[in-house]
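# one predicted model, sequence on top.
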Amino acid sequence: MQKGRVAPVYIINLHISDLIQLCCLTSFKVGEYNEMSYYIYMFGEMVSVGFMVCISLERYLVIVKPLWYRYKWNIKTIVVVCAVVWTVPLIYIIPLYLNVNFQLVETIFAIYHLIPLPLFIFFLVGTIKALSATRSVPADEKRRIVAILVVVFLIYTLLFLPSIIWSLVEQARNSSFFHALAFIFLNINPLADLTMYFFIRKGAIDKFLKSLCCCKISDDLQTNSIDIVNVSASCDEPV
């Protein structure tokens, strides 16, 4: 396996977990809700969080620890990491299935989802600092790496934070509006994860940014043309 293909491995696993969630959500919509579907859905959701962390970690190591990443991050390590990510959510699912104390289960859920937050911030800040100091990474590669990290951080912050607050704050759990908001945001996550595939594709983010730049240049040229016409008109006016 090529080193540059590690992130797509995590992306593929992330999309598998998203597919699990979407299948469960579809069963909910058609009226086939049952506890087992809910357990499977939550399992897929927590697995997706784990692979979001893996994607950010991999991007961070590529830039900050390139030599260590090249020689230590081998196929065996990748397999072990994937196995751990698919296994760890059981620390929440098993107590949930066994009807353990509700507050304990929700605390486990909140802690599991809170731990990635400082990691995402650390990976993003560390990668940006390292990229600003390096000259060996092409500009398009820099944009793609930063874009992936920013997208992961935004998805996590916007879509998962309401559920974390709901798990920890009793007033939030008692609010039907906040409960619905957290549930809706959590359900959007599988679709939002698809944006990462767009940013990780070589050339996709560059075309997107170039299109934005072209639009900006076109607007500037149009503005300048209008200014020139106005100046010419003012010069032609008799004194």
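That came through, no problem.
# host element of the spatially most central residue of the chain?
The residue lying closest to the centre of the chain (Cα atoms, centre = their mean) is Val152, at 2.2 Å. Per DSSP states H and E: Val152 is located in helix 139-168.
# then Leu104?
Going by DSSP H and E, Leu104 is in helix 102-114.
# residues of that helix that come out buried?
Going by neighbour count (16 or more other Cβ atoms under 10 Å), the buried part of helix 102-114 is Val105, Glu106, Ile108, Phe109, Ala110, Tyr112, His113. Where you see a C-beta, it was placed from the backbone N, CA and C, and this is true even at glycine.
# check the offset of that helix from the chain's centre.
21 Å (Cα atoms, centre = their mean, to the nearest Å).
# got the CA coordinates for that helix in CSV?
Output of helix 102-114 as CSV, limited to C-alpha atoms (Å, rounded to 0.1, in the frame of the first residue of the first chain):
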residue,chain,number,x,y,z
PHE,A,102,-28.7,6.1,32.1
GLN,A,103,-26.4,8.8,33.4
LEU,A,104,-23.4,6.6,33.3
VAL,A,105,-24.1,5.6,29.7
GLU,A,106,-24.6,9.2,28.6
THR,A,107,-21.4,10.2,30.4
ILE,A,108,-19.5,7.6,28.5
PHE,A,109,-21.1,9.0,25.3
ALA,A,110,-20.0,12.5,26.2
ILE,A,111,-16.5,11.6,27.1
TYR,A,112,-16.0,9.5,23.9
HIS,A,113,-17.1,12.5,21.9
LEU,A,114,-15.3,15.2,23.9
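# that one - what's its average pLDDT?
Mean pLDDT, computed over helix 102-114, is 88.
# for that helix, packing partners?
Under the contact criterion of 3 or more Cβ pairs under 8 Å, 6 or more residues apart in numbering; DSSP states H and E, helix 102-114 touches helix 35-64, helix 90-97, helix 139-168.
# out of the ones you listed, which comes closest to Leu191?
Comparing these by their distance to Leu191 (Cβ to Cβ), the top pick is helix 139-168, with 9.9 Å.
# how big is the angle separating that closest one from helix 35-64?
Helix 139-168 and helix 35-64 are oriented at 140 degrees to each other (axes from the mean of the first three to the mean of the last three Cα atoms, to 10 degrees).
# what sits up against the very next helix or strand once past helix 139-168?
Sequence order places helix 170-174 as the next helix or strand after helix 139-168, per DSSP H and E. Applying Cβ atoms under 8 Å, 6 or more residues apart in numbering, the contact partners of helix 170-174 are Ile165, Trp166, Ser167, Phe178, His179, Ala182.
# what packs against the next helix or strand after helix 170-174?
Per DSSP H and E, helix 170-174 leads on to helix 176-192 as the next helix or strand towards the C-terminus. In terms of contacts (3+ Cβ pairs under 8 Å, 6+ apart), helix 176-192 is packed against helix 6-29, helix 35-64, helix 139-168, helix 170-174.
# domains of this protein?
The chain is divided into the following domains under automatic domain parsing: 3-202, 209-239.
# that older thread, buried among the contacts of helix 170-174? Make that a PyMOL selection.
Filtering the contacts of helix 170-174 down to the buried ones (16+ other Cβ under 10 Å) takes a single PyMOL command:
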select buried, resi 165+166+167+178+182
